[in-house]
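Q: No letters, just coordinates:
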């Protein structure tokens, strides 16, 4: 099954590479549909997040919208502070099979960032070869298994990343982009952190933003002193408090922090190392561009803030999956990070391999992608099984 999925990715990559320029947007749509079909027929494991999602969908079909006011659900953090998630689940419950939950979600997880990158490349008239390289790069960096099983977090971050591209790089209508930001956070409360980082960009002085990005490296120390995370009746704050408790060693509900699955297994340690290397590479690329081009675009400032947060999440007091989740956003935005570097730096570093001259950072990103795929194919994708079961 893993080998078939590998050739599936190769086929989709080739289909993008050989697509004429005027049909690339349609190709991206079809590629996202292909991933959605694959997700639809994925077998559900007993300990998968999908089991919980399917449980809620089954009850929603029976009780309708009234299910959200059920006393038992009030004790469940799943929908707390996530009104858009309630609407999303209610709409999906109108469909006959739970399989649509994975399929529709994975479609958006792939289509939104791919479409955002393509739109920016077209807007800035990026050479077609580079555009295809960036799209194929993202195709291989996204973890299909995480997206089709975990769903909510990656879906939320894909919406946020798409909105950020439209907001900062294309200067689209602020009402629309901020509407998408709020939607992403009401799907999964972890996106409120990304919105906070985006809001910091309204500070006029870049030096202050850079200083904040450095201070974010020690955010786990400051977490225990944040007063609004305790004793608050607001649903959104309650959701944030739950996550603070669940993913730190100081929390009363620190199941994720104490889980050997998340912290001590070989696969998660390896994933953690690869994700840290990825964050450090992007940070170095941004700082290198700043030094050479003498400018820091708003998007790079956001990436520095996100990098600082991700580096801070490597603290021993924070569960491993905090880094893995927020690095999803780093992955969605990686092609754009390279694109800006490519536009600002004229005299680039090259490495000679045989008869080929390859740009240094392009090669570095390919290397990171190979590391990601080693982890995914070696430790992650062997959990994937496909069949014709309808749930």
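A: Nice, thanks for sending it over. Note that the structure is a prediction, hence the values are computed from the model and not measured.
Q: who does the helix or strand encompassing residue 339 touch, helix- and strand-wise?
A: Assigned by DSSP states H and E, residue 339 falls within helix 320-344. With contacts defined as 3 or more CB pairs under 8 Å, 6 or more residues apart in numbering; DSSP states H and E, helix 320-344 has these neighbours: helix 99-123, helix 128-141, helix 152-164, helix 260-263, helix 266-293, helix 298-312, helix 360-375. For the C-beta atoms, the positions are set from N, CA and C on the backbone; glycine is no exception.
Q: for the first one, packing partners?
A: Packing contacts for helix 99-123, counted by 3+ CB pairs under 8 Å, 6+ apart, involve helix 24-40, helix 49-63, helix 83-93, helix 128-141, helix 144-150, helix 152-164, helix 320-344.
Q: Could you do the third one as well?
A: The elements that helix 152-164 packs onto, with contact taken as 3+ CB pairs under 8 Å, 6+ apart, are helix 99-123, helix 144-150, helix 174-187, helix 191-200, helix 320-344.
Q: could these be laid out in TSV, adding mean pLDDT?
A: Formatted as TSV, these follow (pLDDT from 0 to 100):
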stretch	mean pLDDT
helix 99-123	95
helix 144-150	90
helix 174-187	94
helix 191-200	95
helix 320-344	90
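Q: Show me the one of those helices that comes nearest residue 129.
A: Residue 129 lies closest, by CB to CB, to one member of the helices and strands packed on helix 152-164: helix 99-123, at 10.8 Å.
Q: I'd like the next helix or strand past the helix holding residue 339.
A: Assigned by DSSP H and E, the successor of helix 320-344 is strand 350-353.
Q: how near is the most centrally placed residue in the chain to residue 84?
A: Nearest to the mean C-alpha position of the chain, by CA atoms, centre = their mean, lies residue 328 at 2.8 Å. Between residue 328 and residue 84 the distance is 18 Å, computed by CB to CB, to the nearest Å.
Q: go on, residue 371?
A: For residue 371, the distance to residue 84 equals 34 Å [CB to CB].
Q: go on, residue 176?
A: In terms of CB to CB, residue 176 sits 15 Å off from residue 84.
Q: again, but for residue 180
A: 11 Å.
Q: one step back: could the helices and strands packed on helix 99-123 be laid out in JSON lines, adding distance to residue 307?
A: Converted to JSON lines, the helices and strands packed on helix 99-123 look like this (distance: least, CB to CB, whole Å):
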{"stretch": "helix 24-40", "distance to residue 307": "27"}
{"stretch": "helix 49-63", "distance to residue 307": "27"}
{"stretch": "helix 83-93", "distance to residue 307": "27"}
{"stretch": "helix 128-141", "distance to residue 307": "16"}
{"stretch": "helix 144-150", "distance to residue 307": "20"}
{"stretch": "helix 152-164", "distance to residue 307": "15"}
{"stretch": "helix 320-344", "distance to residue 307": "8"}
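Q: so which of those gets nearest residue 366?
A: helix 128-141 (7.5 Å).
Q: buried set for the closest one?
A: By neighbour count on 16 or more other CB atoms under 10 Å, the buried set for helix 128-141 is 130-141.
Q: same check, this time on stretch 180-196
A: Residues of stretch 180-196 classed as buried: 180-194 (neighbour count, 16+ other CB under 10 Å).
Q: Ends of it, what's the gap?
A: In stretch 180-196, first residue to last residue: 14 Å (CA to CA, to the nearest Å).
Q: And for that stretch, what's in contact with it?
A: Stretch 180-196 is contacted from outside by 81-85, 88, 152-153, 155-157, 159-160, 162-163, 166, 198, 236, 239-240, 243, 306, 309, 325-326, 329, using CB atoms under 8 Å, 6 or more residues apart in numbering.
Q: what about residue 176 and residue 84, which has more around it?
A: Shown here are residue 176 and residue 84; by other CB atoms under 10 Å, residue 84 has more neighbours (16 against 12).
Q: how much space is there between the more buried one and residue 204?
A: Applying CB to CB, the value for residue 84 to residue 204 is 32 Å.
Q: Kindly report the same for residue 130.
A: 33 Å.
Q: now swap in residue 101 and tell me
A: Taking CB to CB, one finds residue 101 at 43 Å from residue 204.
Q: And for residue 327?
A: As judged by CB to CB, residue 327 and residue 204 stand 29 Å apart.
Q: So between those two, which is more surrounded?
A: Neighbour count, other CB under 10 Å: between residue 327 and residue 204, residue 327 has more, with 25 against 7.
Q: before we move on, the earlier item: quick one: closest of the helices and strands packed on helix 320-344 to residue 209.
A: The minimum distance between residue 209 and the helices and strands packed on helix 320-344 falls on helix 298-312, with 5.1 Å, by CB to CB.
Q: any idea how far residue 391 is from residue 176?
A: Going from residue 391 to residue 176 by CB to CB gives 35 Å.
Q: re the thing from before, how about the helices and strands packed on helix 320-344, which one is nearest residue 16?
A: Evaluated with CB to CB, those place helix 128-141 nearest to residue 16, the distance being 5.5 Å.
Q: Then residue 97 would be within a helix, right?
A: No: Residue 97: not assigned to a helix; according to DSSP: H, G, I helix; E, B strand; the rest coil it is coil.
Q: My guess is it contacts residue 391. True?
A: Yes: between residue 97 and residue 391 there is a contact at 6.2 Å, judged by CB atoms under 8 Å.
Q: follow-up on the earlier one: what residues of the helix holding residue 339 count as buried?
A: 320-342.
Q: Centre of the chain to that helix, how far?
A: 9 Å (CA atoms, centre = their mean, to the nearest Å).
Q: Measure how it sits relative to helix 99-123, angle-wise.
A: Orientation of helix 320-344 against helix 99-123 (axes from the mean of the first three to the mean of the last three CA atoms, to 10 degrees) gives an angle of 20 degrees.
Q: tell me the angle of helix 320-344 relative to helix 152-164?
A: 20 degrees.
Q: what's the angle from helix 320-344 to helix 360-375?
A: Per the same axes, to 10 degrees, the angle that helix 320-344 makes with helix 360-375 is 150 degrees.
Q: how about low-confidence regions in the chain?
A: For the chain, applying pLDDT under 70 flags the ranges 71-76, 224-265, 354-356.
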